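Enquirer: the following comprises the amino acid sequence and a computationally predicted model.
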There are 4 protein chains.
Amino acid sequence: MHSSQILRAEELTAPDEDLPLAARFLAVRHQTLSLCEPLQPEDFVVQSMPDTSPAKWHLAHTSWFFEEFVLAASEPDYKPFDERFRYLFNSYYQSVGPMHARSHRGLITRPGIDEVMRYRTEIDDRIADALERGTIPPAQIAVLILGLNHEQQHQELLLTDIKHLLSCNPLRPAYTRHAAVRPYDSVAMELEEFAGGLVEIGHEGRAFAFDNETPRHQVYLQPFKLANRLITNGEFSAFVEAGGYQEPAHWLSDGWLAVQREAWRAPLYWSKEADSEFTLGGERALSPHEPVCHLSFYEADAFARWAGARLPTEAEWEVAAASQAFEGNFVEQRNWHPLPASASPSSLMQMFGDTWEWTRSAYSPYPGFEPTEGALGEYNGKFMINQMVLRGGSCASAQTHLRHTYRNFFYPTARWQFSGLRLAQDA
Amino acid sequence: MHSSQILRAEELTAPDEDLPLAARFLAVRHQTLSLCEPLQPEDFVVQSMPDTSPAKWHLAHTSWFFEEFVLAASEPDYKPFDERFRYLFNSYYQSVGPMHARSHRGLITRPGIDEVMRYRTEIDDRIADALERGTIPPAQIAVLILGLNHEQQHQELLLTDIKHLLSCNPLRPAYTRHAAVRPYDSVAMELEEFAGGLVEIGHEGRAFAFDNETPRHQVYLQPFKLANRLITNGEFSAFVEAGGYQEPAHWLSDGWLAVQREAWRAPLYWSKEADSEFTLGGERALSPHEPVCHLSFYEADAFARWAGARLPTEAEWEVAAASQAFEGNFVEQRNWHPLPASASPSSLMQMFGDTWEWTRSAYSPYPGFEPTEGALGEYNGKFMINQMVLRGGSCASAQTHLRHTYRNFFYPTARWQFSGLRLAQDA
Amino acid sequence: MHSSQILRAEELTAPDEDLPLAARFLAVRHQTLSLCEPLQPEDFVVQSMPDTSPAKWHLAHTSWFFEEFVLAASEPDYKPFDERFRYLFNSYYQSVGPMHARSHRGLITRPGIDEVMRYRTEIDDRIADALERGTIPPAQIAVLILGLNHEQQHQELLLTDIKHLLSCNPLRPAYTRHAAVRPYDSVAMELEEFAGGLVEIGHEGRAFAFDNETPRHQVYLQPFKLANRLITNGEFSAFVEAGGYQEPAHWLSDGWLAVQREAWRAPLYWSKEADSEFTLGGERALSPHEPVCHLSFYEADAFARWAGARLPTEAEWEVAAASQAFEGNFVEQRNWHPLPASASPSSLMQMFGDTWEWTRSAYSPYPGFEPTEGALGEYNGKFMINQMVLRGGSCASAQTHLRHTYRNFFYPTARWQFSGLRLAQDA
Amino acid sequence: MHSSQILRAEELTAPDEDLPLAARFLAVRHQTLSLCEPLQPEDFVVQSMPDTSPAKWHLAHTSWFFEEFVLAASEPDYKPFDERFRYLFNSYYQSVGPMHARSHRGLITRPGIDEVMRYRTEIDDRIADALERGTIPPAQIAVLILGLNHEQQHQELLLTDIKHLLSCNPLRPAYTRHAAVRPYDSVAMELEEFAGGLVEIGHEGRAFAFDNETPRHQVYLQPFKLANRLITNGEFSAFVEAGGYQEPAHWLSDGWLAVQREAWRAPLYWSKEADSEFTLGGERALSPHEPVCHLSFYEADAFARWAGARLPTEAEWEVAAASQAFEGNFVEQRNWHPLPASASPSSLMQMFGDTWEWTRSAYSPYPGFEPTEGALGEYNGKFMINQMVLRGGSCASAQTHLRHTYRNFFYPTARWQFSGLRLAQDA
């Protein structure tokens, strides 16, 4: 999930629309700090791999976004908190100027976390003040709403990045003592049938959405089946034990190369013996009923082939999801881990929350996709290559951030997100 | 273009159906040797980069294919020409057994070219003899037809691999003295409109096709426009001179990284001054009217964005191509290079031959795609990730090998094929 | 400077012999903390390149050394502070057990700095207590003295590692506000003559020394000349401005490859314009009279060749140094930077302190060198390959740690130490 | 062995001084062709790793040396055979101009071997003609003698490079059917004592030598012991079987890293089961009495430590060798492999020929070493870093090329030369 996904300028209403904007702003900003509560000062600084960023960087970069694109864009003679942060905390907006190399984010020990917190507070105060005074022009109000969604994306990354960092520590420290363990069984997997035909997918209307979800458009689908729940650890263990990681026939060619190169033998955080896994609650026994997560696309795809099925397309997923109520195991539930599917006959379970679901759809522009105008739109769609779409959100996603049409995307090798799978078949 | 594309077992009829199979077999096999005529013994051995293979390897591997999948599969007590070739000349059929590492193909100086030629002759004789005696069962006849298509794919690779090898030589030797130079002008570019709607694409019927072209299926298209001809060197030069390779805004994010990493400044075989290019006829002045070729997907995509357009999807391309006669500048014309678009009002030009055309479609399975049974089908679709579809064939493709529904595919970084582009737009 | 240099077991007396051992122990341990005073918590965690270690690791590893080799070795039923630290803070003692990968030292955010400080205090208390009670057997007393020297080596690394870390920060933060700036001129360089002949080098006697300094042995030297002072920034600037980094003729072949590969254009911390340098006092104007430092061996060697001279051998250096009083600009002076040579006619200046001096001698065993017995001696001499000897100490070295016969060693590419040069010539 | 070793200009007499120069020239040049007789055309082209060069390149480069440094340097209006060869076949003489990248030597399929042979013949004719006419000035006569020694070095490399190339071929083709197999036993190993003291090493006198062998100078040696013969396969097998490659305590630190990184488990050409080895005569059973060869320095050093001994210094080796007659198993004997030590009481065996002997001496300049003037001396000594000295020559060296004082040198990781070891100890 990258912040390349850009607001359409005319859209001002946000999902959590009951709240006034100032309250929503503070709520989102506070949620970021709340996620940092279990961290020690040292945890904020380190970048454990090039894909991740230090927590401190997330805290500063999300503030930089509001400063650069809302405050500085609203006030002609804006005086920045610190001129040098413009360089330090730019992520990839080349039009804004040069930036610190992504892979070097872990080398910046100064400013320390205290100063970054002062930076956040200062930006919060200035935004709150400007909102109260009503000095932010409509275009920047739209960007502010975008900034809130941007920050929610970074909240999820902050959690997954910290999980990765802690997993690198031989001491296996837990992020929280309160990660859920629900020992109940998962329901049996069944495949639901869907008729297909000429359907519509994509976002429409005044509510906020990223431009990659638009325009809503027609797609023709063959009849298909979709599983009623996610694949579990127990089911994935069967694949591991059947030698799934040793048999090239199950794998896409590039996936097999990745298995060899990376010496993959199980999902990312499973122990060598495949009997425990590292979670945000620390190392614990593998629960066979919980959804499997931290899979690459290649592993999800290989499992599906081994199981005589396939991954759904994103259009199939969206059509099936359309009739479901948008609720699930999100970060707001503070379970910090996906949960077993609870019995709930005659319906699709776990479509939202728990784990992101890999689809077989490459991340491509929808027909008629139009890049947004201006600085923020400079890179619209620039990530639409080499990545695969994931749907539905995870236990680390904010419910108020997502919707039925939301498109997440990652490289097929990525494993540090809460990513799992649901099976599909041709009808 | 990889030999992963597998025949559907029930299909026996080939495009060149006027010829008896034995004659077709010998014609295709002879064409491979004919392409090698300009080579010196030393040219057969070297692998100039991991993506390419030595000419000797192409000659041996295509023979191995017939030996392994037709002769050995037909005769229970088949005695191979040389037991060790089974290992040396297997490409990636893991079910057949272990194989020599792809990147080490250039280290095998023995068997020499003379022995490989004896191998070819022996296999040709055995196949011809078996065809005459009628001892090849129907299933293997189907595989033999597949083997001919497989060999035609390797003919194109042989040419592009040799072009790459010769380009690495500071002496810039020509493959042939007979590469076409047609000094006439290209016609003006115009965009043709197409209505879209619920259309059908994909292969159907008894004639040979690869399984990735099937099944024929319905797709819903928005109205679109497609250019009447390929982009020319002159047009691409304008992009180069406008600083196209220095401006990140034109590029997909991964494309921009590739530009930096590979220090790309122009298409693959252009000189530093962008005034000449290396061709199969040696180094020669850049002709502004010839189609640009040896582009990566990233360069084609960046050019299109710079030009205010986009690449077509493969469905758009196929629908537009459907009404065109299947003819063009193929390897049979022995021009060895794409030619300028000759005036021919009111129609799409250069849809077939000249250069492969990058599409914006990721290489994915068609809905309902079914893996073929058995050894050859072991890896059906195993390349359907991370690659983009190209359409239409090139001046190095055999006309008898291609058809309207043919899907070629390469990584977005690949530049050593004759790959160019045609613009599209939303209507 | 690695801790592979091992005490000879029979030696118990240390240079600072006026102090009782308990007082010396506390003094050395306190000096380490004192060096950390300017650091913020975040500075303790990060590893800025594979050659360096986080400050926190230095603090913990030096404590581990005393715990493992003194306390645990003295008491049969020793209960460690934390069993897991044995793995985390082992550097390279394979006989002690497996260890955390050197390049991953920056990933361990827990234990935090507070807990590491508790670890230090606990070890200090236990050692002090054991010394008072007299329960440490003589062999472990020897190791304790070794441990003090080991800690002094890590003090120097801590400083150079922190300097490197801060230099990676675009904000260029200073380690201290008190780094020396002495605006006086350096004296003119002159070459002193030495007769050579059959001489002796190496350590002898009861005072502490590392085993790599022994045995004292005879060496035959040709007559030679040695410069009276170190090369200055001003002199090195002349080399830079004369195109020294662009002319392969000055460089060893491997050095020229390093220049190309690393894009070296000046000493490590010089600015692009070669008019300022990063120091422990922050960025400041380049002083022409200060000794040049942070050179690789290749740069020192290339400068010497360009200057019509050469580097001295370590035997030449030691023979010349033998008659000098052991004093200079060491870390005890708290200058944090090398100083200009002050006029002092008729003698060698800056032989000790200021900057380490690269010699042309490969780091090899002295004739008759004998590996120490036991665990600590397991790897005696295991670094005696591919490294070059440096002599004399630097402004970051402890005076009480060094002596005339001290041999430091680094790879010829290393630049993050305070390493400079002094010219020599054949007489 | 690199051609960086440069003739001292005043030296004109060559070891094989009974022959007139023209005859010597033709003999050396013919020997190169003779070594190529077993090769097929394809074998001449391929570069099997960056350290090696194609046989064709050796043939052309040695001719280029005579053309560039003798012919072109003698005749003001010299017309080269082919102007482009100046670039193609320069090795590393930067003063002569730019050169083709070393690692790309295997990409040049043209000129073919036929044209390179014409090049050789033409250069031979021109040199022979000039010698007959007496038109080569004395300075270039000296260079011509250097060129003969240069060509002899390349003869050895040609053999070891071809051996490496053939070893990469799964068919394991033999270079020759005539490689020696001598089934007799090796004599028992004994250590001879030497007194040491103030001795002299290095070259002196009018006969040809490389400048790295000069000047002859005094060295002071402690008493030492040297083994009477080389270490055998049988002795090295004992190290392998004792787990020598699994025990870090035997290895230098960098050596242990190399063992891990390269997955070394035995000498270079040994089979996985350590019961056969690839030789110039093809794969054959390991003979326990033959000298072990194709060791890196690290393996030789680790074996010596495991055996309770050490490698000799080059000074020790040279002093011990001084009294021996210069004869042994060289390439002239056409054994193509080292032979067991035959009984010959009271003397050192195998000091010359059979295998190069790793010493513990880093390759450094002798005291008083002076770079030669002019183009050929441009890089004198530029390889005197990071490499270790080997002594004595091998079964692939020309006897007429070597002498008691000859210094060969390679990186401690190099294994593709015929490199073995002899043990030493302190007396």
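Expert: Great, that's in hand. Because the structure is a prediction, the values reported are computed rather than measured.
Enquirer: now the helix or strand hosting A:Glu200: average pLDDT?
Expert: Per DSSP states H and E: A:Glu200 is located in strand A:197-201. Per-residue pLDDT over strand A:197-201 has a mean of 98.
Enquirer: helices or strands next to the very next helix or strand once past that strand in the packing?
Expert: Stepping forward along the backbone from strand A:197-201, the first helix or strand reached (DSSP H and E) is strand A:217-221. The helices and strands touching strand A:217-221, judged by 3 or more Cβ pairs under 8 Å, 6 or more residues apart in numbering or on different chains; DSSP states H and E, are strand A:197-201, helix A:314-321, strand B:217-221. From N, CA and C alone the C-beta is placed, and that goes for glycine too.
Enquirer: strand partners (parallel or antiparallel) of the helix or strand that strand A:217-221 is followed by?
Expert: Of the helices and strands lying after strand A:217-221 in sequence (DSSP H and E), the nearest is strand A:224-227. The strands beside strand A:224-227 in its sheet (DSSP bridges) come out as strand A:191-194 (antiparallel), strand A:424-426 (antiparallel).
Enquirer: and the last one, how far out from the chain's middle?
Expert: Read it as strand A:424-426. Centroid separation for strand A:424-426 versus its chain: 25 Å, with Cα atoms, centre = their mean, to the nearest Å.
Enquirer: buried residues, it. List them.
Expert: Neighbour counts over strand A:424-426 (16 or more other Cβ atoms under 10 Å in any protein chain shown) mark A:424-425 as buried.
Enquirer: and the first one, by the same measure?
Expert: Residues A:Phe194 are the ones in strand A:191-194 that count as buried (16+ other Cβ under 10 Å).
Enquirer: just the CA coordinates of it, formatted as PDB?
Expert: Coordinates of the C-alpha atoms in strand A:191-194 are reproduced here as PDB (Å, rounded to 0.1, in the frame of the first residue of the first chain):
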ATOM      1  CA  LEU A 191     -17.200 -22.800  -2.400                       C
ATOM      2  CA  GLU A 192     -20.000 -20.300  -3.200                       C
ATOM      3  CA  GLU A 193     -21.200 -20.000  -6.800                       C
ATOM      4  CA  PHE A 194     -21.500 -16.600  -8.600                       C
END
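Enquirer: residues making contact with it?
Expert: A:221, A:223-228, A:316, A:319-320, A:348, A:423, A:425, A:427 (Cβ atoms under 8 Å, 6 or more residues apart in numbering or on different chains).
Enquirer: between the residues you listed, which is closest to B:Gly196?
Expert: Checking the contacts of strand A:191-194 against B:Gly196 with Cβ to Cβ, the nearest one is A:Leu221 at 17.0 Å.
Enquirer: around the closest one, count how many other residues there are.
Expert: By the criterion of other Cβ atoms under 10 Å in any protein chain shown, A:Leu221 has 19 neighbours.
Enquirer: that one against A:Pro312, yeah?
Expert: No - in this structure A:Leu221 lies outside contact range of A:Pro312 using Cβ atoms under 8 Å: 10.4 Å.
Enquirer: residues near A:Gln260, how many?
Expert: With other Cβ under 10 Å as criterion, A:Gln260 counts 12.
Enquirer: next one: A:His250
Expert: Residues lying near A:His250 (other Cβ under 10 Å) number 24.
Enquirer: contacts only, for it.
Expert: A:244, A:302-303, A:305-306 are the contacts of A:His250 under Cβ under 8 Å, 6+ apart.
Enquirer: go with 10 Å
Expert: By Cβ atoms under 10 Å, 6 or more residues apart in numbering or on different chains, the contact set of A:His250 is A:239, A:242-244, A:256, A:259, A:298-299, A:301-307, B:382.
Enquirer: in PyMOL, how would I select the buried members of these?
Expert: With 16+ other Cβ under 10 Å as the criterion, this PyMOL line picks the buried residues out of the contacts of A:His250:
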select buried, (chain A and resi 239+244+256+259+298+299+301+302+303+304+305+306+307) or (chain B and resi 382)
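Enquirer: can you tell me which of the contacts of A:His250 is closest to C:Leu131?
Expert: A:Val259 (55.7 Å).
Enquirer: part of a helix, is the closest one?
Expert: Yes - A:Val259: assigned to a helix according to DSSP: H, G, I helix; E, B strand; the rest coil.
Enquirer: do you know how far it is from chain C?
Expert: To chain C, A:Val259 is 22 Å away according to Cβ to the nearest Cβ, to the nearest Å.
Enquirer: A:Ala307 now?
Expert: A:Ala307 is 36 Å from chain C, by Cβ to the nearest Cβ.
Enquirer: for that residue, give me its contacts.
Expert: Applying Cβ under 10 Å, 6+ apart, we find A:Ala307 in contact with A:189, A:227, A:231, A:235-236, A:238-239, A:244, A:250, A:421, A:423, A:425.
Enquirer: from those, which land in strands?
Expert: A:227, A:425 (DSSP state E).
Enquirer: can I get the contacts of A:Ala307 in CSV with pLDDT and distance to B:Phe25?
Expert: Below are these laid out as CSV (pLDDT from 0 to 100; distance: Cβ to Cβ, whole Å):
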residue, pLDDT, distance to B:Phe25
A:Met189, 95, 50
A:Ala227, 97, 47
A:Ile231, 98, 47
A:Glu235, 98, 48
A:Phe236, 98, 47
A:Ala238, 98, 46
A:Phe239, 98, 43
A:Gly244, 98, 40
A:His250, 94, 35
A:Leu421, 98, 45
A:Leu423, 98, 43
A:Gln425, 97, 40
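Enquirer: is it true that A:His203 touches A:Asn212?
Expert: Yes - using Cβ atoms under 10 Å, A:His203 makes contact with A:Asn212 at a distance of 9.2 Å.
Enquirer: phi, psi of the closest residue to A:Pro367 other than its chain neighbours?
Expert: Sequence neighbours aside, B:Gln222 is the residue nearest to A:Pro367 in space, at 4.6 Å (criterion: Cβ to Cβ, 6 or more residues apart in numbering or on different chains). Main-chain dihedrals, B:Gln222, degrees, to the nearest 10: phi -70, psi 160.
Enquirer: try A:Leu26
Expert: phi -70, psi -40.
Enquirer: number of nearby residues for it?
Expert: A:Leu26 has 15 nearby residues by other Cβ under 10 Å.
Enquirer: kindly report the same for A:Pro98.
Expert: Neighbour count of A:Pro98, defined by other Cβ under 10 Å: 9.
Enquirer: what residue spans form the domains of chain A?
Expert: By the assignment in automatic domain parsing, chain A contains the domains A:3-167, A:191-426.
Enquirer: all helices for the stretch 1-150 of chain A, in order.
Expert: A:21-36, A:55-66, A:72-74, A:85-88, A:113-133, A:138-167 (DSSP state H, counting those that start in this stretch).
Enquirer: any idea which of those helices is most buried?
Expert: Mean neighbours per residue, mean count of other Cβ atoms under 10 Å in any protein chain shown, is largest over the helices of the stretch 1-150 of chain A for helix A:55-66, with a mean of 26.
Enquirer: how about low-confidence regions in chain A?
Expert: The model of chain A has pLDDT under 70 over residues A:1-18, A:92-97, A:99, A:344-346, A:373-380.
Enquirer: most distant residue from the centre of it?
Expert: Distance from the centre of chain A peaks at A:Asp77, with 35.8 Å (Cα atoms, centre = their mean).
Enquirer: give me every residue that touches it.
Expert: No contacts exist for A:Asp77 under Cβ under 10 Å, 6+ apart.
Enquirer: measure it to C:Arg284 for me?
Expert: Distance of A:Asp77 to C:Arg284, computed by Cβ to Cβ, to the nearest Å: 33 Å.
Enquirer: also A:Ser276?
Expert: With distances taken as Cβ to Cβ, A:Ser276 is found 54 Å from C:Arg284.
Enquirer: check A:Phe239 too.
Expert: Distance, A:Phe239 to C:Arg284, using Cβ to Cβ: 61 Å.
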